[in-house]
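>>> next comes the sequence, and after it the predicted model I'd like to discuss.
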Amino acid sequence: MTGVRRVVRLLLLPALLVAANAAPLPALGSCVQMGVAERAVLADVVVYGTVTETRLTFAPASGVIRFRAERFLKSVLSGEIEVYLGPTKGGAITSVDYTAVQRGEAHTLYLRSAGSGSWPTDGCSGSHAGVPTAEEAAFFGGGSAAPAATPSDNTPLMLGGFALAAIVLVGALVARRATQGRRR
């Protein structure tokens, strides 16, 4: 029996090591507790507003939202912005991803610039659901109202309308000449 136990032990240890390495482990992480002042220093923009659209990136990946600002507490952006809900900008899901998944929900977001007009936030940044807290209001003050949304660019629609009008005009001229030619 001793020989059998030894063989089982020799085979069991490598099997356990392979199984432990094959199983995916959740990302482990925890947030360093900071006050509003420390979180504000790390953020490029602090904004209160509403989630206008939610979407998921390639699975498994953290989500992305469109966000319409109502009030800026730090810095100013124009129009709706794209916000990545994790530190990996649409990459692998982490334990510190922020959860803003409901369209129409109000949030106070602490954002960092990721370039190309996108802004990541995460669960450690200070972002939270709802209006700014009393501590944030005391630190930032009332903030500034978001600038009016710029109208969307209608250039392609206008060009399409002009092209359609030109086609109709040319068709009418061709039809008129054709009917005049038959009369003669």
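Nice, I can see it. Nothing here was measured: the structure is a model prediction, and the numbers come from that model.

>>> ok, longest helix in this structure?
helix 155-183 (DSSP state H).

>>> list the buried residues for that helix?
Using 16 or more other CB atoms under 10 Å as the test for burial, helix 155-183 gives no buried residues. Any C-beta I mention is one placed from the backbone N, CA and C, and that applies to glycine too.

>>> what's the mean pLDDT across it?
Confidence over helix 155-183 (mean pLDDT, whole number) is 81.

>>> with stretch 112-132 instead?
Mean predicted confidence for stretch 112-132 is 88.

>>> the nearest residue to residue 141 once chain neighbours are set aside: neighbour count?
Nearest non-adjacent residue to residue 141, counting by CB to CB, 6 or more residues apart in numbering: residue 73, 7.9 Å away. Using other CB atoms under 10 Å, residue 73 is surrounded by 23 other residues.

>>> and for residue 113?
Each residue near residue 113 was counted by other CB under 10 Å, and the total is 14.

>>> go on, residue 69?
Counted with other CB under 10 Å, residue 69 comes out at 23.

>>> so it touches residue 48, yeah?
Yes - assessed by CB atoms under 8 Å, residue 69 is found in contact with residue 48 at 7.4 Å.

>>> which element is the residue nearest to residue 141 on?
strand 63-74 (DSSP states H and E).

>>> which neighbouring elements make contact with that strand?
strand 45-56, strand 81-84, strand 106-111, helix 134-140, strand 144-145 (3 or more CB pairs under 8 Å, 6 or more residues apart in numbering; DSSP states H and E).

>>> cool, thanks, talk later.
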